[in-house]
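**Q** predicted model and sequence below, questions to follow.
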Amino acid sequence: MTLLPETTEKKLGLVIDLDTCVGCHACVTACKGWNTENYGAPLSDTDAYGGDPVGTFLNRIHSYEVEPKGGGCSQTVHFPKSCLHCEDAPCVTVCPTGASYKRTEDGIVLVNEDACIGCGLCAWACPYGAREMDPTAGVMKKCTLCVDRIYNDNLPEEDRVPACVRTCPAGARHFGDFADPDSNVSKLVAERGGIDLMPEQGTKPVNKYLPPRPKDQLQDMDVLTPLLEPVAEEPKGFLAWLDKRLEAL
């Protein structure tokens with residue numbers, strides 16, 4: 001059994017704005033690209049373009065059609081999901097080898113692949129389904145918050161954020177320290193009422209979600225009828241002349 005740190009110096013994590021996310025999957029592609037083509041541990045793909053593709057992804061997007069409780073128009077909500085770097089992470093405490101661990105300095109949950117035996121207990125313990133077994137490597141993989149990127153002095157300062165945050169075209173993903181009340185993520189959560197995913201699980205996830213804002217509702221849903229009404233009862237001017245000529249034909 002692996003122990004969790006009593007406290008962490010920082011609580012690095014993500015705020016995801018469900019009102020802004022358009023479900024474009026740019027974050028999924030950027031995550032896959034960074035971890036496969038750059039500094040991260042490669043994420044395997046088997047028969048990627050064949051009839052039975054198998055691949056490892058650390059970030060996925062689920063889309064739902066949601067209807068308001070009081071009735072009205074439904075709306076599509078795009079829900080990105082990856083590791084939430086929980087304060088009370090069950091994936092860590094269940095690990096028999098200590099491969100899964102939570103860092104004291106920043107609160108990021110990581111996997112030491114050299115110690116991972118691929119038993120899958122952490123995936124069973126995670127209530128969010130945020131871990132994936134890499135079928136080629138035979139070890140468990142998960143979101144690292146791009147730990148190899150955010151501390152990389154070889155990158156420009158604006159690029160020292162997770163790849164998913166850097167690439168999001170809608171600005172729906174935000175990265176920062178939740179232990180700092182003046183950070184951008186802490187302010188967003190306070191202003192917009194950021195929520196935990198499945199709080200009843202008691203894992204105290206660091207990542208937060210900003211709920212979708214209520215959409216404007218049309219009082220009169222028959223919006224086409226006024227536009228189809230004739231502009232004038234009788235044509236005048238050139239239109240009147242043209243109408244007579246056409247009738248003569």
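**A** Nice, I can see it.
**Q** which secondary element of the chain has the worst mean pLDDT?
**A** The helix or strand of the chain with the poorest confidence is helix 225-228; it has a mean of 65 (mean pLDDT, DSSP states H and E).
**Q** tell me who's in contact with the nearest residue to residue 146 once chain neighbours are set aside.
**A** Ranked by C-beta to C-beta, 6 or more residues apart in numbering and with sequence neighbours excluded, the top spatial neighbour of residue 146 is residue 162, at 4.1 Å. (C-beta placed from N, C-alpha, C; glycine too.) Counting by C-beta atoms under 8 Å, 6 or more residues apart in numbering, residue 162 touches 14, 31, 145, 146, 149, 150, 173, 175.
**Q** who touches the helix or strand encompassing the last one?
**A** If I follow you right, that is residue 175. According to DSSP states H and E, residue 175 maps onto strand 173-177. Strand 173-177 is contacted by residues 10-17, 21, 27, 80, 145, 150, 161-162, 164-165, 183-186, 188 when judged by C-beta under 8 Å, 6+ apart.
**Q** could you rerun that using 7 Å?
**A** By C-beta atoms under 7 Å, 6 or more residues apart in numbering, the residues outside strand 173-177 that reach it are 10-12, 14-16, 27, 161-162, 164-165, 183-185, 188.
**Q** still on that earlier bit, show me the contacts of residue 162 that map onto helices.
**A** The members of the contacts of residue 162 that map onto helices under DSSP state H are 31, 149, 150.
**Q** what residues are up against the closest residue to the last one other than its chain neighbours?
**A** In other words, residue 150. Distances taken as C-beta to C-beta, 6+ apart put residue 160 closest to residue 150, at 5.1 Å, once the chain neighbours are dropped. Listed by C-beta under 7 Å, 6+ apart, the contact set of residue 160 reads 149, 150, 152.
**Q** relative to residue 244, which of those is nearest.
**A** residue 149 (74.3 Å; C-beta to C-beta).
**Q** so where do the strands sit in this structure?
**A** Secondary structure of the chain (DSSP state E): strands located at 12-17, 45-46, 54-55, 60-66, 75-81, 100-102, 109-111, 132-134, 139-141, 173-177, 208-210.
**Q** make TSV from the ones you listed and add mean neighbour count to it.
**A** Output for these, formatted as TSV (neighbours: other C-beta atoms under 10 Å):
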stretch	mean neighbour count
strand 12-17	25
strand 45-46	14
strand 54-55	14
strand 60-66	12
strand 75-81	17
strand 100-102	23
strand 109-111	22
strand 132-134	18
strand 139-141	22
strand 173-177	21
strand 208-210	23
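**Q** out of the ones you listed, which comes closest to residue 242?
**A** The nearest among the strands of the chain, by C-beta to C-beta, is strand 75-81 at 45.6 Å.
**Q** ok, now which ones touch residue 190?
**A** Contacts of residue 190 (C-beta under 7 Å, 6+ apart): none.
**Q** now do it, the pLDDT please.
**A** Model confidence at residue 190, given as pLDDT, is 97.
**Q** and the gap between it and residue 208?
**A** 10 Å (C-beta to C-beta, to the nearest Å).
**Q** which stretches of the chain have low pLDDT?
**A** Along the chain, segments meeting pLDDT under 70 span 1, 38-41, 215-233, 235, 249.
**Q** what residue lies at the spatial centre of it?
**A** Nearest to the mean C-alpha position of the chain, by C-alpha atoms, centre = their mean, lies residue 80 at 2.6 Å.
**Q** wait, what's in contact with it?
**A** By C-beta under 7 Å, 6+ apart, the neighbours of residue 80 are 16, 21, 27, 59, 61.
**Q** for it, list each beta-bridge partner.
**A** residue 61 (DSSP bridges).
**Q** what's the closest of the contacts of residue 160 to residue 242?
**A** residue 149 (67.4 Å).
**Q** touching, that closest one and residue 166? I think so.
**A** No: look at residue 149 against residue 166 with C-beta atoms under 7 Å: they stay out of range, at 8.5 Å.
**Q** that's all I had, so thanks and see you.
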